[in-house]
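Q: From the sequence below, what's the structure:
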Amino acid sequence: MAERGRCPECGSAALVEDALYAQQQLVCAACGCVLAEGLLTTTYTDEEHLREVAYSQSTGQKEQLSRCLQRGIRRVQDLCKVLQLPGTFEETAVSYFQRALQLPAFHLVSLEKKELLGGCCVFVTCRQHNWPLTMGTICSLLYAKQELFAGVFLSLQRELGLSVPSLSLADLVKTHLSSFQLFQPSADIPAPFLEDKEKLVARTMGIVELASQAWLVTGRHPVPVVTAAAFLAWQSLQPRARLSCPLARFCRVAGVDLPPPAHLRLRELLDILLGMASQLAWLRGFNLDKKTVVKHVGDLLQHRVFLLRKAFCQEQGEEQHDGAPGQDSTDQGSPGQGSPSHPLVTQVKSCPLARKHQREGPLRPLLPPCLIHPRKRLRTPAPSASDSTVTGDEPISDSEIEQYLRSPEEIRAFRKAKAW
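A: Predicted coordinates:
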């Protein structure tokens, strides 16, 4: 009887499991002696006992998972080479893919989702290393739908417990503009349409920051905002030859898709620029419109901080002016009565910024678009049985009373803090 784990012929411990015509065999690598021959439905551990097991625990199932793993690793490596990622990124993405395939949640998914799993691992790795890569770029390389890719990405993030930081707006601008075809001479691109990449990125970044400070980015998809900002930046660098070019042709020449909301974002940006241009002394003599204001984008961005501060100061001054007539009655009356002369109540009901927007003034208020153009209000739900029994005699907590009662000193301190 030979020692366990050694060849009975030569005594070597170099024993390997070899598949000959899909049948597992235990062979000595030194002398070639066949130690054991197994069945098609046996595992490695039960092979010497010739026990039949289920196919899900057999060698065939293990070989199938191994082939799937090798194919996925190869796909991850190919993606990293196409994107020219560093070697550490490739190692991290491969480790994520190996961990994901070991989870039961990814064993019974479709083949299409398994193919997207490798792209999700690459996408997660790039986000964690602050590498500017968008979901649209990965989907275009894998010929996949973004909705399906997003579902696999969320499943991977949840199952592995990964922390994936969001892409900053500056990185998104650089990534989106890098796909433009306006930086290399080509037969399809007119000579006046060519532009230096760094100049366009710098000017676009300034416009995007202005849009962010003017409430045009919050709650919106960033790609239409970046597309509209890039179009304005491109026009402002050479306005004489590019003002006649519409947004649709710009996107077609640049080789990028035109997102439908980009026209709305462009209109909102032009309104902000027109309002800022009306505050510059050397531009008040010009009859500026949405086309000619593009020529002065450089000056507007250079004095952006002053113009925005002046806009807020004007809004604050008008608000104090509207609240001045009721100030005496507010101080003399009881602040707890909720009278219409209270400055907070007056601000909510009169809304001077909204009234300023309704009439044409020198500068439009920098309010969120949802307040400037409110949508149709949702219907209020029907009162429940518990609400119908409210009589008004219920006790009011001290914390709720403190939200309404303010002394004259607190009111003045509140106005001073709001002015800052």
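
Q: in the stretch 101-250 of the chain, which ranges drop under the pLDDT threshold?
A: Nowhere does the stretch 101-250 of the chain drop to pLDDT under 70.

Q: no wait, the stretch 301-420 of the chain
A: For the stretch 301-420 of the chain, the ranges with pLDDT under 70 are 311-368, 375-392, 398-406.

Q: go again using 80 as the cut-off
A: Residues of the stretch 301-420 of the chain that meet the criterion pLDDT under 80 lie in 308-407, 410-411, 414, 418, 420.

Q: what about the strands in the stretch 101-250 of the chain?
A: Remark: strands of the stretch 101-250 of the chain are absent; assignment by DSSP state E, counting those that start in this stretch.

Q: ok, which stretches of it are helices?
A: With DSSP state H, counting those that start in this stretch as the criterion, the stretch 101-250 of the chain has helices at 111-128, 135-142, 146-160, 169-178, 197-213, 222-237, 239-242, 247-254.

Q: Go through these and name the closest to residue 264.
A: In terms of CB to CB, the element of the helices of the stretch 101-250 of the chain nearest to residue 264 is helix 222-237, at 7.6 Å. Quick note: C-beta positions are derived from backbone N, CA and C, even for glycine.

Q: hmm, back to that, most neighbours per residue, which of the helices of the stretch 101-250 of the chain?
A: helix 222-237 (a mean of 23; mean count of other CB atoms under 10 Å).

Q: Packing partners of that one?
A: helix 169-178, helix 197-213, helix 247-254, helix 262-277, helix 297-302 (3 or more CB pairs under 8 Å, 6 or more residues apart in numbering; DSSP states H and E).

Q: hmm, 10 Å instead?
A: Counting contacts by 3 or more CB pairs under 10 Å, 6 or more residues apart in numbering; DSSP states H and E, helix 222-237 packs against helix 169-178, helix 197-213, helix 239-242, helix 247-254, helix 262-277, helix 297-302.

Q: Using PDB, write down the CA coordinates of it.
A: C-alpha atoms of helix 222-237 as PDB (Å, rounded to 0.1, in the frame of the first residue of the first chain):
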ATOM      1  CA  PRO A 222     -24.600  67.400 -15.900                       C
ATOM      2  CA  VAL A 223     -24.000  66.400 -19.500                       C
ATOM      3  CA  PRO A 224     -26.500  68.900 -21.100                       C
ATOM      4  CA  VAL A 225     -25.100  71.700 -18.900                       C
ATOM      5  CA  VAL A 226     -21.500  70.900 -20.000                       C
ATOM      6  CA  THR A 227     -22.600  70.600 -23.600                       C
ATOM      7  CA  ALA A 228     -24.300  74.000 -23.500                       C
ATOM      8  CA  ALA A 229     -21.300  75.600 -21.700                       C
ATOM      9  CA  ALA A 230     -18.800  74.100 -24.200                       C
ATOM     10  CA  PHE A 231     -20.900  75.600 -27.000                       C
ATOM     11  CA  LEU A 232     -20.900  79.100 -25.500                       C
ATOM     12  CA  ALA A 233     -17.100  78.800 -24.700                       C
ATOM     13  CA  TRP A 234     -16.400  77.700 -28.200                       C
ATOM     14  CA  GLN A 235     -18.400  80.500 -29.700                       C
ATOM     15  CA  SER A 236     -16.800  83.200 -27.400                       C
ATOM     16  CA  LEU A 237     -13.300  82.300 -28.400                       C
END
